[in-house]
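Asks: coords please:
(chains A and B)
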Number of protein chains: 2
Amino acid sequence: MSRLFARYDQVLQQALEAAARRDYWSAYSEVPSGKIYGETARDDGLVAFEARLGKHFDIPGHPSERAVGDEVSPYGLSLGVTYPAASIETLMSASQAAAAQWAAADPQVRVGICLEIIARLNARSFEMANSVMHTTGQAFAMAFQAGGPHAQDRALEAVAYAYAEMTRTPVEAVWTKPQGKGEPIVMEKHWRIVPRGIALVIGCNTFPTWNSYPGLFASLATGNTVIVKPHPAAILPLAITVEIARQVLAEEGFSPNIVLLAADAAGHEITTDLVRHPSVSIIDYTGSSSFGNWVRANAGKADVYTEEAGVNSIVIGATDNFAGMCDNIAFSLSLYSGQMCTSPQNVFVPRNGIETNDGFKSFDEVASGIAGAIDRLLSDPGRAAGICGAVANPATLGRIDEARKLGRILRDCAPVPGLEGARTATPLVIGVDARDREAYAEERFGPIAFIVAVDNAAHGVDLAARLAEEKGAITAALYETDEARILAAADRFATAGVNLSVNLTGGIYVNQSAAFSDFHVTGANPAGNASLTDAAYVASRFRVVMWRRPLAA
Amino acid sequence: MSRLFARYDQVLQQALEAAARRDYWSAYSEVPSGKIYGETARDDGLVAFEARLGKHFDIPGHPSERAVGDEVSPYGLSLGVTYPAASIETLMSASQAAAAQWAAADPQVRVGICLEIIARLNARSFEMANSVMHTTGQAFAMAFQAGGPHAQDRALEAVAYAYAEMTRTPVEAVWTKPQGKGEPIVMEKHWRIVPRGIALVIGCNTFPTWNSYPGLFASLATGNTVIVKPHPAAILPLAITVEIARQVLAEEGFSPNIVLLAADAAGHEITTDLVRHPSVSIIDYTGSSSFGNWVRANAGKADVYTEEAGVNSIVIGATDNFAGMCDNIAFSLSLYSGQMCTSPQNVFVPRNGIETNDGFKSFDEVASGIAGAIDRLLSDPGRAAGICGAVANPATLGRIDEARKLGRILRDCAPVPGLEGARTATPLVIGVDARDREAYAEERFGPIAFIVAVDNAAHGVDLAARLAEEKGAITAALYETDEARILAAADRFATAGVNLSVNLTGGIYVNQSAAFSDFHVTGANPAGNASLTDAAYVASRFRVVMWRRPLAA
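Replies: Numbering: from 1, shown residues only, chains lettered A, B, ... in the order given. Reported below is the predicted structural model:
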């Protein structure tokens, strides 16, 4: 057993057991506490982040022909960090030159190295939190959790699934075929894991680590070399990741070029050339559906795993906790200003109102219940900043202005109090009717929500499920008190390939997806063709090749 | 537990254990014996086959708008069987109408039905043997084995892998997340298997059942409806298969249209329209690389699993059993007249000869050793017919004529003695040099072999491996006495994604691939993008979808 594999054998086994049980489990604490991460960890992380600012991010030994990078924090700060950049051919050559050694490594060696990389990422979660915060606009606590331990859990999950798949077939076996009364035929057989080649990971602006780590670590563990292409507005978190990966690889005697950074500049992206390159065998992509379509059509023989866009819906039929429902929805709409791929956009409410524990509520009362809950939630400036964070992309503000014209403004968007200098926006809530499809039936990314009047809850379920089938959806939520209607909705959303949350009123939200329990994206509707992380996500990242011969007597 | 699942639970568990151990195991006897299949089975099978001849193959309830079919046996007999055919839209509509019921069935129910279908196919192995023989040209014994029990083993293998994947995630779980000193968050979660949609299986002429069953049964077990598109020259074996599948489905209360036959006529193939149809979600294809390229490029969002063509090689470095080597190679080249996707084409021999147990052998002595072994093997007419069978496609005879001009004829092709009236051909053996790439470096399907003079065995390994990387290869064989050279070749062929057989001299041949032990095709070179059967082959044929809610106290 390799030294690093032995170090992490237990956590790997726990991860595999958790993934099989799917009860709550986490390897990396989501609590940004000095008691867990070390009393100076918070300060050290900030110092490490600040030390990067205004400087070139040197990655020892990394191919470098020029410097790129002009990230500006949604909170206002210009990062001033530049990164090593090289031509596509330079990157491909370096990746290919490193491939044979990595492919030949024992799967346990590779898995041990991956787990060491993840452990070091965990130790640097505060540095990562600052980096994610100032590239994505996430509030610090969310940047810590989603950019740090939650992303690390997803990385571990991918490595665990990869390990399980790589070890399903024995390394060797004796095959004895009886021959009636004659001597049996006896063969010795040997199998090995052969990687696919170069894996390209295309990161997104809003969750540079959480969405990139599963593909990165699944490909790496299975023996592929990896080229990480960050979004030009969120390079730093992935540059730190690549830096750590390369340090561990070099320490273990491997070429650091097994993991490369393909940084580029906005307006001069190299993504299309990377995708079309014939040496790329695996592509993991997170981003828009329009570019996702292009990637899938132009990837050649490469396997493509995508998380694309979608239109997520909430359907309200009835509730026995009206206040809890409104509070829960308000939080889901406000969290990171609706910039999560899991954020709801449409809330389908019967036009004739619903039954609740507080008595009958008209459509307008439900709408104002949700709008009022948002107001209450965001009334405290510190809490508002901590929930909404900032807006990653300036284009989102334009979308909000557009959306204002699409219906009745039930709650207007406003800057987040206490975040002056930052690009912020609280949720805009628009009232429309089910027939106003041009308003609500496409993804309007950001803090834009529609309360959609429908005939009844079943009508809402049908509209939401059809939207998922046509445009994609990663989440759906339902409020309903009748068990038969709940089960019918579960059937309908399952057919549409959407994970459904029912009657969330407490401290858990439809946006949340927990590693080892919740599969993220199903792959069964246009919101993505893959799921984080199941066997399908890892099993094609390598092949099994055999040699056999008659067993010597 | 469903009734049918209970009936086959034990064989399913044995299959899963065999696939994990990869020792020899088979569920269906390959011995065409009355003691195993029933004393009248052989006669009954022939009678059943003959009863089909000259008639319309009626499939009760199958969409039918016209009749197609004009199969002619390579042994000379016109089958005169016609089959129900319908437009693409009729087939798609029927498949879609049957989908919801099948998708909603419990995975155990579906697996039970699949295993019952396979068991009934097994009971009709003699009928199938005659049908496969007279559509493919395989000799009877091979048609029985490859068309019957070996294909059934591959079907069972696919169902077993599918079952394992479908049951990896629990149907439900309770998720309890601690909240420090507060009450934990407790959620109930429910998962279900959601199929992808319509699965298209495109069969080939030479192995209509063996190559189609894995995809057919993997897709069916995972809840997809299946449209089976046979090669126009080999419809009967798949029509029987579809008939049996529909009988079992109907008996179990399901729509028989869950499995449909898409028969067509040579020259009027409907394959391209099926491949491009937007309702098709999965495509399994066996056939030429040129059409395989087209399928992969035109399949839209469908997942595509292919077995395409390749150039298989044998490299001879040295042997301690010269006669055994020559006999083994002679059999591999002669079996089914080289029409197996696993048949070797090129034999690389050092131009300066090799060391053997019979002393030094020059290039010409090795070549004549192999040619002479073929002559001896086929000297008995009955044995020759039983090994070579007939030639499936008339175009193969043209390729043989072309190949005659490509080098020095070391052994000429001839009709198989005792098979007058049949289209037959014994192996043509041509001597060429390594530089004559235009001769040997492309697939020449059929009984065409090249003995290629190389500098030494390492040169041969390199040429063979490069050919595999460029043109694809499903098998490779090596004769070598030096262990270090064997291991180096194993490394090189693994990199090229080819399964390698070393020093075969007894009753096992490089062409043979055993279910539950040998993965067929690696998916790691152009000979195919999938492997029969591993987790990657089944895991993407379905998705897992969840619903969750707070657990009631």
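Asks: Which residues of the stretch 51-200 of chain A lie near chain B?
Replies: Counting by CB under 8 Å from any CB of the partner chain, the residues of the stretch 51-200 of chain A close to chain B are A:100, A:103-104, A:165, A:168-170, A:173-179, A:185, A:187, A:189-192, A:194, A:196. The way it works is simple: take the backbone N, C-alpha and C, and place the C-beta from them, glycine included.
Asks: Please indicate which of those residues are buried?
Replies: Neighbour-count burial (16 or more other CB atoms under 10 Å in any protein chain shown) is assigned, among these, to A:103, A:165, A:168-169, A:173, A:175, A:177, A:185, A:187, A:189-192, A:194, A:196.
Asks: Looking at those residues, which is nearest residue B:288?
Replies: Checking these against residue B:288 by CB to CB gives residue A:196 as the nearest, at 23.6 Å.
Asks: what's the most distant pair in the buried ones among the residues of the stretch 51-200 of chain A next to chain B?
Replies: For these, and using CB to CB, no pair is farther apart than A:185 and A:196, which are 33.1 Å apart.
Asks: Doesn't residue A:501 belong to a strand?
Replies: Yes: per DSSP: H, G, I helix; E, B strand; the rest coil, residue A:501 lies within a strand segment.
Asks: For residue A:486, see how far away it is.
Replies: 11 Å (CB to CB, to the nearest Å).
Asks: more neighbours, the two?
Replies: residue A:501 (29 against 19; other CB atoms under 10 Å in any protein chain shown).
Asks: pLDDT averaged over the strand ranked longest in chain A, what's the number?
Replies: Secondary structure of chain A read by DSSP state E shows that its longest strand is strand A:182-195. Average pLDDT, strand A:182-195: 97.
Asks: ok so, going back, which residues are common contacts for residue A:501 and residue A:486?
Replies: Common neighbours of residue A:501 and residue A:486 (criterion: CB atoms under 8 Å, 6 or more residues apart in numbering or on different chains): A:478, B:549.
Asks: and the longest strand of chain A, which strands flank it?
Replies: Partners of strand A:182-195 in the sheet, by DSSP bridges, are strand A:172-179 (antiparallel), strand A:542-550 (antiparallel).
Asks: Which stretches in the stretch 101-250 of chain A count as strands?
Replies: A:172-179, A:182-195, A:198-202, A:225-229 (DSSP state E, counting those that start in this stretch).
Asks: Out of these, the one nearest residue A:495 is which?
Replies: Taking CB to CB, strand A:198-202 is the member of the strands of the stretch 101-250 of chain A nearest to residue A:495, at 29.8 Å.
Asks: packing partners for the closest one?
Replies: helix A:88-104, helix A:213-221, strand A:225-229, helix A:271-276, strand A:280-286 (3 or more CB pairs under 8 Å, 6 or more residues apart in numbering or on different chains; DSSP states H and E).
Asks: Put the alpha carbons of it into PDB.
Replies: What follows is strand A:198-202 as a C-alpha-only set of coordinates in PDB (Å, rounded to 0.1, in the frame of the first residue of the first chain):
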ATOM      1  CA  ILE A 198      -5.900  14.500 -21.600                       C
ATOM      2  CA  ALA A 199      -8.800  15.700 -19.500                       C
ATOM      3  CA  LEU A 200     -10.000  19.300 -19.900                       C
ATOM      4  CA  VAL A 201     -11.900  20.900 -17.000                       C
ATOM      5  CA  ILE A 202     -13.700  24.100 -17.900                       C
END
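Asks: Dihedrals phi and psi, the residue nearest the centre of chain A?
Replies: The centroid of chain A falls nearest to residue A:211 when counting by CA atoms, centre = their mean (2.8 Å). Recorded main-chain torsions at residue A:211 are phi -80, psi -20, according to degrees, to the nearest 10.
Asks: Skipping its backbone neighbours, what lies nearest it in space?
Replies: Leaving out its chain neighbours, the residue that sits closest to residue A:211 by CB to CB, 6 or more residues apart in numbering or on different chains is residue A:286, at 4.1 Å.
Asks: Also residue A:167?
Replies: Going by CB to CB, 6+ apart, residue A:167 has residue A:107 as its nearest residue, at 6.8 Å.
Asks: Residue A:542 versus that neighbour, what's the distance?
Replies: Using CB to CB, we find residue A:107 at a distance of 9 Å from residue A:542.
Asks: who touches both of these two?
Replies: When CB under 8 Å, 6+ apart defines a contact, the residues bordering residue A:107 and residue A:542 alike are A:166, A:193, A:222-223.
Asks: Pick the one among these closest to residue A:66.
Replies: Of those, the one sitting nearest to residue A:66 (CB to CB) turns out to be residue A:223, at 30.5 Å.
Asks: Do I have it right that that closest one meets residue A:108?
Replies: No: contact criterion CB atoms under 8 Å: residue A:223 and residue A:108 do not qualify, at 11.9 Å.
Asks: more neighbours, these two?
Replies: Comparing residue A:223 with residue A:108 by other CB under 10 Å, the one with more neighbours is residue A:223, at 27 against 18.
Asks: what are the phi and psi values for the more buried one?
Replies: Torsion angles, degrees, to the nearest 10, at residue A:223: phi 100, psi 0.
Asks: how about the nearest residue to it, chain neighbours excluded?
Replies: Leaving aside its chain neighbours, residue A:223 sits nearest to residue A:195 (3.3 Å; criterion: CB to CB, 6+ apart).
Asks: who are the neighbours in contact with the one you found?
Replies: Counting by CB under 8 Å, 6+ apart, the residues that residue A:195 touches are A:99, A:102-103, A:222-224, A:541-542.
Asks: from these, which is closest to chain B?
Replies: Checking the contacts of residue A:195 against chain B by CB to the nearest CB gives residue A:103 as the nearest, at 7.5 Å.
Asks: coming back round to it: please identify the deepest-packed of the helices and strands packed on strand A:198-202.
Replies: Neighbour counts (mean count of other CB atoms under 10 Å in any protein chain shown) averaged over each of the helices and strands packed on strand A:198-202 peak at helix A:213-221, with a mean of 31.
Asks: what does that helix rub up against?
Replies: Helix A:213-221 has contacts (CB under 8 Å, 6+ apart) with A:107, A:110-111, A:114, A:117-118, A:151-152, A:154-159, A:161-163, A:166, A:199, A:201, A:226, A:228, A:241, A:245, A:258-259, A:282, A:284, A:305, A:532-533, A:537-538, A:541.
Asks: same deal with stretch A:546-553?
Replies: Contacts of stretch A:546-553 (CB under 8 Å, 6+ apart): A:174-175, A:185-192, B:486, B:490, B:493-494, B:499-506, B:508, B:518-519.
Asks: let's see 6 Å
Replies: A:186-191, B:490, B:499-503 (CB atoms under 6 Å, 6 or more residues apart in numbering or on different chains).
Asks: now it: mean pLDDT?
Replies: Per-residue scores along stretch A:546-553 average to 92.
Asks: Same check on stretch A:502-515?
Replies: Per-residue scores along stretch A:502-515 average to 96.
Asks: how far does that stretch stretch from start to finish?
Replies: End-to-end span of stretch A:502-515 (CA to CA, to the nearest Å): 19 Å.
Asks: is chain B contacted by that stretch?
Replies: Yes: judged by CB under 6 Å from any CB of the partner chain, stretch A:502-515 and chain B are in contact via A:502-503, A:507-508.
Asks: Just the buried ones from those residues?
Replies: So, by 16+ other CB under 10 Å, the buried ones in those are A:502-503, A:508.
Asks: nearest to residue A:142, of those residues?
Replies: Closest to residue A:142, out of all of these and judged by CB to CB, is residue A:508, at 15.2 Å.
Asks: Secondary structure element for that closest one, which one?
Replies: Using DSSP states H and E, residue A:508 maps to neither a helix nor a strand.
Asks: How about it: what's its closest non-neighbour residue?
Replies: The spatial neighbour of residue A:508 that comes closest, neighbours along the chain excluded (CB to CB, 6+ apart), is residue B:185 at 5.2 Å.
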